[in-house]
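1. Got a sequence here, can you build the structure:
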Amino acid sequence: MKNQYLLIGLCLMMAGCKPAAPEKEEEPAAAANLIPVLFDTDANNELDDQHALAYLLFNGGTFDVRGITVNATHSGGDIQAQYAEAERVMKLCSRFGSIPLYAGANGNFEAIRDSVNQPDYDGKAAVEFIIEEARKPRGRKLVLIPVGKLTNIALALAKAPDIRDSVRIVWLGSNYPAPGEYNQENDIPAVNYVLDQDVPFEVVTVRYGDPSGSWFVRITPEEVRANLAGKGPQVSPVTGRHGDNFTCFGDYSVSLFDNIHMDGDPPGRSLFDLVAVAMVKNPAWGNHHEIPAPILEGTEWKDRPDNPHRITIWENFDKAAVLGDFFGVLEHPELSERREEGRN
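-> Residues are numbered from 1 along each chain as shown. Presented below is the predicted three-dimensional model:
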């Protein structure tokens, strides 16, 4: 009888014991500090977009790349051509299929704006993706890096004004305070619409021929061959924009430089768009200051000193630091990953 009581007690004790739940795996501190970004590009325009995209995709220790969207500007063909070039670069960076790519607007803001609540409209895939990503809960703002016209970004803000509190826009564009500049003039109404929204807006200036702008971050074909040829992960052959097959981004970079007009002395090209990505990665590589948001009247800037909405102007970039980091990233690429939500 005594043994029976002991057995019953032992069973009751065992019934009340449950295996300890496994501890929840915590995210490494490095992953928690990644910057969530969405890159919007006219990828087939010249050659700076491709280098900026590769730089972003090879900075996995800095960026959580949520996706890539494309738009069509005057050069480089329609949206299909822009999409094809972005796909080409993503394949050369071993990221196509791992990170989403969406086609955006062929047309401009004013032509599309009134149709954004229709079942289908020009740029819908990219615009809806921008809105979806901006609305996801995360511990920090989603950084939108448009390096072409602002059409996709303006349409997203017009369709979903609530996302203004969830995003930070870092745009490569304008010669402010001087007139002109390609990205700006491709859709001036889109620029003005964004300027009039209460949204964090930063302008990485271009300023052709002026060392205070991103134009100054230039590279020669000789520097490309010395620092980029053969660099990047090896992938299955990808047919380039100008023909030939390539198995790494560095060799494609050489081809892009071989097939474009050089300017300046020494002859080279500016990597404008790459500078916008670099300023998000390390703000110490440029100078910035705030101003009341101006407006464009035609192609001329008009300051609005009493405007309470302020924007950020970036200028005076550290060319050596930016290009040095770019070369280093191509030498030792760390592939960007799209992190699970809640792990940003």
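2. how long is stretch 204-224 from one end to the other?
-> Length of stretch 204-224, first residue to last, Cα to Cα, to the nearest Å: 24 Å.
3. for that stretch, which positions count as buried?
-> 204-207, 213-219, 221, 224 (16 or more other Cβ atoms under 10 Å). C-beta: built from backbone N, CA, C; applies to glycine.
4. now the helices: where do they sit in the stretch 201-344 of the chain?
-> 221-227, 249-258, 272-281, 319-331 (DSSP state H, counting those that start in this stretch).
5. burial count for residue 294?
-> 21 (other Cβ atoms under 10 Å).
6. give the contact list for it.
-> Residue 294 is in contact with 176, 177, 195, 301, 302, 303, 304, 307, counting by Cβ atoms under 8 Å, 6 or more residues apart in numbering.
7. if I look at residue 66, how far off is residue 249?
-> 21 Å (Cβ to Cβ, to the nearest Å).
8. Specify which residue of the two has the higher count of neighbours.
-> Ranked by neighbour count (other Cβ under 10 Å), residue 66 and residue 249 place residue 249 first, with 30 against 26.
9. So for the nearest residue to the more buried one once chain neighbours are set aside, what pLDDT did the model give?
-> The shortest distance from residue 249 to any non-neighbouring residue, by Cβ to Cβ, 6 or more residues apart in numbering, is to residue 232 (3.9 Å). Reported pLDDT at residue 232 in the predicted model: 98.
10. Over to residue 14?
-> In this model, residue 14 carries a pLDDT of 39.
11. now do the one 10 residues further on
-> As predicted, residue 24 sits at a pLDDT of 36.
12. re the thing from before, quick one: buried ones out of the contacts of residue 294?
-> 176, 195, 301.
13. so the last one touches residue 179, yeah?
-> Yes: in this structure, residue 301 is within contact of residue 179 by Cβ atoms under 8 Å, at 6.6 Å.
14. that older thread, hang on, the residue nearest to residue 249 packs against residue 91?
-> No: in this structure, residue 232 is not within contact of residue 91 by Cβ under 8 Å, at 11.3 Å.
15. out of the two, which sits in the more crowded spot?
-> residue 232 (24 against 19).
16. Need the phi and psi values for the more buried one.
-> Backbone torsions of residue 232, given as degrees, to the nearest 10, read phi 110, psi 160.
17. For it, give its distance to residue 71.
-> 25 Å.
18. How about residue 154?
-> In terms of Cβ to Cβ, residue 154 sits 11 Å off from residue 71.
19. what about those two, which has more around it?
-> More crowded of residue 154 and residue 71, by other Cβ under 10 Å: residue 71, with 33 against 27.
20. Correct me if wrong: residue 198 contacts residue 162.
-> No: using Cβ under 8 Å, residue 198 is not in contact with residue 162; the gap is 11.7 Å.
21. Might you report the residue contacts of the most centrally placed residue in the chain?
-> Closest to where the C-alpha atoms of the chain average out (Cα atoms, centre = their mean) is residue 39, at 2.5 Å. Taking Cβ under 8 Å, 6+ apart, we find residue 39 in contact with 52, 53, 56, 65, 67, 68, 69, 145, 147, 277.
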